[in-house]
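A.B. asks: sharing a sequence plus its predicted fold:
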Amino acid sequence: MDRILDPVAALGRLVIGLLRGTGAIALFAAEAISHLVRPPFYGRLFLKAFIEIAWFSLPVVALTAVFTGMVLALQSYTGFARFNAEGAVANVVVLSITRELGPVLAGLMVAGRIGAAFAAEIGTMRVTDQIDALSTLSTNPMKYLVAPRLLAGTLALPLLVIVADTLGVMGGWLIGTQQLGFGSGAYLKATFDFLQVADVVSGLIKAAVFGFIITLMGCWSGYRSGGGAQGVGRATTSAVVASSILILAVDYVLTAVLFSR
């Protein structure tokens, strides 16, 4: 009988642990959001985090977007050539980049860079008692460390996605005109004729949500870390892994909500 109940008990503990963790993260996020609408607001820290996310993440996001657009154009042309539908390459590239690949790939790149950085920074402050020192100085750690980063991530990632969309489409245009034999004017005309405002807006909505998730998980992992250097390492890893998984899961949910008819 115990052999039968042990797996059930283990499953129950797993579910309870997941629910407990989800609730704790939700309360953490709610507290951080509440500090955004209550003074004081640390504008200098917000600007520092915004520059860290938007400016210093630009190279990796730009390179990812360009090569993704180039590969997408090549693969689309190869597939459509089987059905004599090569003219749809520009349509597929712009639709795929603006709706999905731009926000998701930018989010994953930023998660690997910013999520890890925030977790390591805040985690180091936690294990060296700097967060406790902030409380001793009558400075709320949530308001000082977490709230500015959440706002910065939510606002910065959509800007990165705009750049990623533009460069991704340009990467497809470059391959289409230089390697696949498309005329430049015809390719751009097909792109702009097929592109709709709703496609771009949906990608920006996803980007804002992804930016919130990345900064939330980075701050949460660092804030809850402990156990010295090893604890900071675990926090950094968990921040990147959790952010990446949540980005992919939430992407499906948002796609289902935004494009269900």
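C.D. replies: Yep, it's here.
A.B. asks: any chance you could list what contacts whichever strand or helix holds Lys189?
C.D. replies: Secondary structure assignment for Lys189, by DSSP states H and E: helix 184-194. Under the criterion C-beta atoms under 8 Å, 6 or more residues apart in numbering, residues 87, 90-91, 93-95, 169, 173, 176-177 lie in contact with helix 184-194. C-beta: built from backbone N, CA, C; applies to glycine.
A.B. asks: mind exporting the C-alpha coordinates of that helix to PDB?
C.D. replies: These are the backbone C-alpha positions of helix 184-194, laid out as PDB (Å, rounded to 0.1, in the frame of the first residue of the first chain):
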ATOM      1  CA  SER A 184      14.100  45.400 -54.100                       C
ATOM      2  CA  GLY A 185      11.000  47.500 -54.800                       C
ATOM      3  CA  ALA A 186       8.700  44.400 -55.300                       C
ATOM      4  CA  TYR A 187      10.000  42.800 -52.100                       C
ATOM      5  CA  LEU A 188       9.400  45.900 -50.000                       C
ATOM      6  CA  LYS A 189       6.000  46.500 -51.600                       C
ATOM      7  CA  ALA A 190       4.900  43.000 -50.800                       C
ATOM      8  CA  THR A 191       6.200  43.400 -47.200                       C
ATOM      9  CA  PHE A 192       4.300  46.700 -46.500                       C
ATOM     10  CA  ASP A 193       1.100  45.600 -48.400                       C
ATOM     11  CA  PHE A 194       0.900  42.500 -46.200                       C
END
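A.B. asks: quick one, phi psi at Gly183?
C.D. replies: Per-residue torsions, Gly183: phi -80, psi 140 (degrees, to the nearest 10).
A.B. asks: again, but for Gly218
C.D. replies: phi -60, psi -50.
A.B. asks: for the protein, where's the lowest mean pLDDT among helices and strands?
C.D. replies: Here the helix or strand of the chain ranked lowest by mean pLDDT, DSSP states H and E is helix 2-36, holding a mean of 82.
A.B. asks: before we move on, back to that, who wins on neighbours among the contacts of helix 184-194?
C.D. replies: Val93 (30 neighbours; other C-beta atoms under 10 Å).
A.B. asks: pLDDT below threshold where in the stretch 1-150 of the chain?
C.D. replies: 1-6 (pLDDT under 70).
A.B. asks: can you give me the strands for it?
C.D. replies: Taking DSSP state E, counting those that start in this stretch as the criterion, the stretch 1-150 of the chain carries no strands.
A.B. asks: who's in contact with the nearest residue to Val60 once chain neighbours are set aside?
C.D. replies: Spatial nearest neighbour of Val60, excluding adjacent residues (C-beta to C-beta, 6 or more residues apart in numbering): Met109 at 5.0 Å. Residues near Met109 by C-beta under 8 Å, 6+ apart: 57, 60-61, 64.
A.B. asks: give the rounded mean pLDDT of the helix or strand where Gln230 lies.
C.D. replies: Per DSSP H and E, Gln230 falls inside helix 228-259. Taken as a whole, helix 228-259 has a mean pLDDT of 90.
A.B. asks: what packs against that helix?
C.D. replies: In terms of contacts (3 or more C-beta pairs under 8 Å, 6 or more residues apart in numbering; DSSP states H and E), helix 228-259 is packed against helix 102-110, helix 116-127, helix 197-223.
A.B. asks: mind checking how far Ile131 is from Thr124?
C.D. replies: 10 Å (C-beta to C-beta, to the nearest Å).
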